[in-house]
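Asker: below: sequence and its predicted model.
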Amino acid sequence: MNESNSCRFMDIEVNPHVRLTEFALYILIFIFGAIFNALALWVFFCKIKKWTETRVYAINLVFADFFVICILPFMAYLIWKNSVRDELCKFIEAMYFINMVVSIYIISFISIDRYIGIKHPLKARAFRSPSKAALLCGLLWLAVTFGAILQLQQRSAHFCFQNDTSTSPALILLSSFFILTLPLATLTFCSIEIIRNLKRQLKMSSLEEKSIQKALYIIYANLTVFLVCFLPSHLMLFAWLIMIRTGTTCSLTHFMNNFSSMTRCIATSNCCLDCICYYFVTKEFQEAILLPKSSTDRTTQTHSSQTHV
């Protein structure tokens, strides 16, 4: 009986050193994320005048990241205090889940938009427009919000941001597929196709070798950031699924709780890394924050950005 009680306590308790590390990381992410996202909002709303598909997607991504940044102090406090799942906790959990999922899908939308523009430039005008991008983002916000409300209502965890081991394996697989597997597959496919296209252009044209190489580095960097941030937490879902089906020891459950806390920090750090990518992905962002160049240089830069990125 004592061992059973001890096991249940270990299921909900995170190592104090891990909790302190998690708290410190959230504070750092909050500080840098607030600075980077505030700068991004200022540029997109005050410096960039023309509405493009990329600007629509980027603004939605900034808002999703900024909302996560705003709740981070409350999230860090609730986790530090090991608070129960009261109304405040449920609201913070919902905000975190909604905006993280929206952020993942917006990144996928950007990759699809670039894929269509590069692989099917003649059809791009029919599929791409700022209004269509805004409509797609609006539907995404509604769908994710509705799904988050349904899922979080079914959570039976007692403590805030605690892993719910009572969740059915089918629901875990379904959530995992829509939250990360589908957008990850989309991003990987689009990135690979764009890379192949750029490498073909590199063989055909040596005059733009530098701009093509830069575009390749951008694609590699974006894909790497996405994998590093979100793949660990995705693998954690499968680990919990295996534990639910096969059973586990108290020590392994305790370890998985600690590891899950760290993967959540890694995923949240994407709110800062997204802002760094704006500079490289959005040509309007570069032109807004860089010093004015000669008209020839700007024309060359704009042409290269539109063709390759």
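Answerer: In hand now; what should we look at?
Asker: going forward, measure contacts and count neighbours with C-alpha atoms only.
Answerer: Will do.
Asker: which secondary structure element of this protein has the lowest mean pLDDT?
Answerer: helix 295-308 (a mean of 40; mean pLDDT, DSSP states H and E).
Asker: for this structure, give me the ranges with low pLDDT.
Answerer: Within the chain, the stretches with pLDDT under 70 are 1-14, 163-167, 205-208, 244, 247-248, 276-309.
Asker: and the helices in it?
Answerer: Counting by DSSP state H, one finds helices in the chain at the ranges 2-12, 16-42, 53-80, 87-119, 124-127, 130-153, 169-176, 182-204, 209-246, 250-268, 270-281, 283-289, 295-308.
Asker: residue 261 is in contact with residue 232, correct?
Answerer: No - contact status for residue 232 versus residue 261: not in contact, 10.9 Å apart, counting by CA atoms under 8 Å.
Asker: who's in contact with residue 216?
Answerer: Shown in contact with residue 216 (CA atoms under 8 Å, 6 or more residues apart in numbering): 195, 198.
Asker: okay, the helices of the chain in CSV with distance to residue 159 next?
Answerer: Formatted as CSV, the helices of the chain follow (distance: least, CA to CA, whole Å):
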stretch, distance to residue 159
helix 2-12, 7
helix 16-42, 14
helix 53-80, 9
helix 87-119, 9
helix 124-127, 45
helix 130-153, 13
helix 169-176, 19
helix 182-204, 29
helix 209-246, 17
helix 250-268, 12
helix 270-281, 25
helix 283-289, 42
helix 295-308, 48
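Asker: for residue 162, which of those helices is the nearest?
Answerer: helix 2-12 (6.7 Å; CA to CA).
Asker: excluding its backbone neighbours, what's nearest residue 74?
Answerer: residue 92 (7.5 Å; CA to CA, 6 or more residues apart in numbering).
Asker: what's that neighbour in contact with, if anything?
Answerer: 71, 74, 75.
Asker: list buried residues within the residues you listed.
Answerer: Among the contacts of residue 92, those buried by neighbour count (16 or more other CA atoms under 10 Å) are 71, 75.
Asker: between the contacts of residue 92, which is closest to residue 119?
Answerer: Distance to residue 119, by CA to CA, is smallest for residue 71 among the contacts of residue 92, at 39.1 Å.
Asker: and the residue lying closest to the closest one once chain neighbours are set aside, how far is that from residue 129?
Answerer: Distances taken as CA to CA, 6+ apart place residue 92 nearest to residue 71, at 6.7 Å, with adjacent residues excluded. Distance, residue 92 to residue 129, by CA to CA, to the nearest Å: 34 Å.
Asker: also residue 229?
Answerer: 30 Å.
Asker: so for those two, which residue has more residues nearby?
Answerer: Under the criterion of other CA atoms under 10 Å, the comparison of residue 229 against residue 129 puts residue 229 first, with 20 against 17.
Asker: what's the neighbour count on residue 224?
Answerer: Neighbour count for residue 224, taken as other CA under 10 Å: 11.
Asker: again, but for the one 4 residues further on
Answerer: Applying other CA under 10 Å, we find 14 residues neighbouring residue 228.
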